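Trainee: Kindly generate the corresponding structure for this input.
(one chain, ligands or ions: 3)
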Amino acid sequence: MSDRRCADFGELVTILREQDERLPVAVTADLTYRCNFRCAHCFCRLPENAPQAQQELTFAEWDRILGECVDEGALCLTLTGGEALLHPDFRRIWVMAKRRGLLLELFTNAALLDSEEVSFFAEWPPRLLSVSVYAATEETYRYFTGRSGMLARVRSALDLLAERGVAFELKTVLTRRNVHEFEALRQLFSQYGKTFRWDAELLGTYSTGGGNPAAERLTPAEVVALEQADAVRYREWQRLLRDWEPAPPLVQTPFRCGVGMGGPHFDPYGRMRPCMVFESLSYDARTGSVRQGWREVLPRMLAAFPVVPGPCVSCAWPQLCRFCPATALLAGCSVGGPSPFHCELGRLRAQAHGISEERRASLTPGY
Ligand code: SF4
Ligand code: SF4
Ligand code: SF4
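Mentor: Ligands and ions are numbered 1, 2, ... in the order given. The predicted model follows:
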């Protein structure tokens with residue numbers, strides 16, 4: 001039944017896109033960069049009482065912006081942060097978005113999901129709550145998040161969500177602080193019947209940040225070793241590489257993805273970006289219309305974004321390293337590359353999946 005629904009949704013989007021190729025299907029929004037946790041790798045962890053709260057978009061502003069997104073054809077909305085539940089108007093924004101017909105997802109660390117909050121989500125259900133779980137023991141949870149007693153609180157929230165039938169998934173970020181609990185986390189996820197979803201490729205840091213992803217992240221060798229140890233992840237890579245073709249050199253644009261096509265991202269202060277990661281290209285939706293930003297200004301900015309000389313321009317392997325202009329800028333690298341971390345990640349993934357050095361060298365000039 002749910003597969004059928006997904007297929008129907010995909011078909012609907014395909015049909016709608018035939019009529020409007022810039023349909024902003026999926027909108028994402030950071031409601032706040034404040035958070036109740038202090039994860040060391042994090043780029044959006046302002047204190048709960050940070051003065052930046054005064055500059056966050058209000059309910060009335062989100063009402064106008066999301067209304068305009070729906071007018072442009074938006075179907076889905078993902079709310080994230082920081083911890084989105086800290087926004088003083090969170091519930092009003094959620095109910096308003098549901099009443100506008102948007103399918104809602106929320107990214108949360110779940111520490112604020114008490115019985116009353118879970119009852120709210122049971123009454124106004126999400127399509128999915130995506131819960132980040134950072135450790136399998138209290139000690140590591142504290143080391144990772146800077147807060148004590150959080151594992152018990154998060155587990156209580158997960159039990160409540162399960163009891164009340166609120167749809168949720170679990171995911172984690174693996175860093176130097178919790179990687180030793182890889183197996184224990186996998187078991188914890190399976191206790192809730194959830195797929196073990198994890199990420200270990202931390203991005204650079206936003207200017208609003210405070211954490212230090214580069215100091216916390218694993219080495220490329222450790223990331224690839226984990227990918228090998230996780231049968232599901234290993235098969236995903238195998239599937240991805242089965243029909244792999246070398247990427248053509250970049251000529252007119254540095255983008256190999258569909259950036260700026262799927263839907264806009266909004267930061268807490270009203271800046272619209274072409275994707276969640278692309279901090280340096282933005283349009284002020286607080287003072288301008290969504291239509292103008294999405295359909296005119298951002299496409300113009302992306303079209304004018306230059307191809308910067310560097311090894312990434314002619315590299316045949318971007319699928320293996322997943323380096324892109326947005327991550328380059330966040331990591332403080334040239335848009336043309338290289339990023340030593342990502343190059344090594346790509347090389348080790350190729351090795352792990354039987355793509356020989358000779359083949360790589362023959363396809364990548366200057367490799
Ligand atoms: S990683 Fe998530 S939970 Fe941790 S500080 Fe950042 S926003 Fe908060
Ligand atoms: S993060 Fe990079 S690959 Fe992803 S949509 Fe943005 S520009 Fe494209
Ligand atoms: S970072 Fe390295 S592996 Fe990735 S595209 Fe650039 S040159 Fe290729």
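Trainee: count of neighbours near R300?
Mentor: Neighbourhood size, R300 [other Cβ atoms under 10 Å]: 11. For the C-beta atoms, the positions are set from N, CA and C on the backbone; glycine is no exception.
Trainee: same question, the one 3 residues further on
Mentor: By the measure other Cβ under 10 Å, the count of residues near A303 is 10.
Trainee: Same check on D243?
Mentor: What D243 shows, counting by other Cβ under 10 Å, is a neighbour count of 6.
Trainee: For it, give me the pLDDT.
Mentor: pLDDT, D243: 74.
Trainee: Next, give phi and psi for it.
Mentor: Main-chain torsions, D243, degrees, to the nearest 10: phi -100, psi 30.
Trainee: How much space separates it from Q319?
Mentor: For D243, the distance to Q319 equals 11 Å [Cβ to Cβ, to the nearest Å].
Trainee: now D63
Mentor: Relative to Q319, and taking Cβ to Cβ, D63 is found at 40 Å.
Trainee: Tell me where the model's unsure across the stretch 101-250 of the chain.
Mentor: 203-210 (pLDDT under 70).
Trainee: Please list the residues of it that sit near ligand 1.
Mentor: N109, S132 (Cβ under 6 Å from any ligand atom).
Trainee: Can you show me the helices along the stretch 101-250 of the chain?
Mentor: Under the criterion DSSP state H, counting those that start in this stretch, helices of the stretch 101-250 of the chain are mapped to 115-123, 138-145, 150-164, 182-191, 213-216, 220-229, 231-242.
Trainee: cool, the stretch 251-367 of the chain as well?
Mentor: Assigned by DSSP H, counting those that start in this stretch, the helices in the stretch 251-367 of the chain fall at 290-292, 298-304, 318-321, 325-330, 340-352, 357-363.
Trainee: elements contacting the first one?
Mentor: What it means is helix 290-292. helix 59-72 (3 or more Cβ pairs under 8 Å, 6 or more residues apart in numbering; DSSP states H and E).
Trainee: what is the mean pLDDT for the next helix or strand after the helix it packs on?
Mentor: Downstream of helix 59-72, the next assigned helix or strand under DSSP states H and E is strand 76-80. Strand 76-80 carries an average pLDDT of 97.
Trainee: residues of the helix or strand just after strand 76-80 that come out buried?
Mentor: Later in the chain than strand 76-80, the nearest helix or strand by DSSP H and E is helix 90-99. Buried positions in helix 90-99, judged by neighbour count with 16 or more other Cβ atoms under 10 Å: F90, I93, W94, M96, A97.
Trainee: wait, which of the helices of the stretch 101-250 of the chain is closest to E279?
Mentor: With respect to E279, and counting by Cβ to Cβ, the nearest of these is helix 213-216 at 13.8 Å.
Trainee: Give me every residue in the protein lying close to ligand 2.
Mentor: The interface of the chain toward ligand 2, taken as Cβ under 6 Å from any ligand atom, is made up of F255, C257, V259, C275, V277, F278, C324, P325, A326, T327.
Trainee: any idea how far ligand 1 is from the fourth one?
Mentor: Here the criterion is Cβ to the nearest ligand atom, to the nearest Å. By it, C275 lies 18 Å from ligand 1.
Trainee: I figured that residue hits F255, correct?
Mentor: No - using Cβ atoms under 8 Å, C275 is not in contact with F255; the gap is 9.9 Å.
Trainee: who's more crowded, the two?
Mentor: Higher neighbour count among C275 and F255: C275, with 21 against 18, using other Cβ under 10 Å.
Trainee: ok, now which ones touch the more buried one?
Mentor: V259, G260, G262, H265, A326 (Cβ atoms under 8 Å, 6 or more residues apart in numbering).
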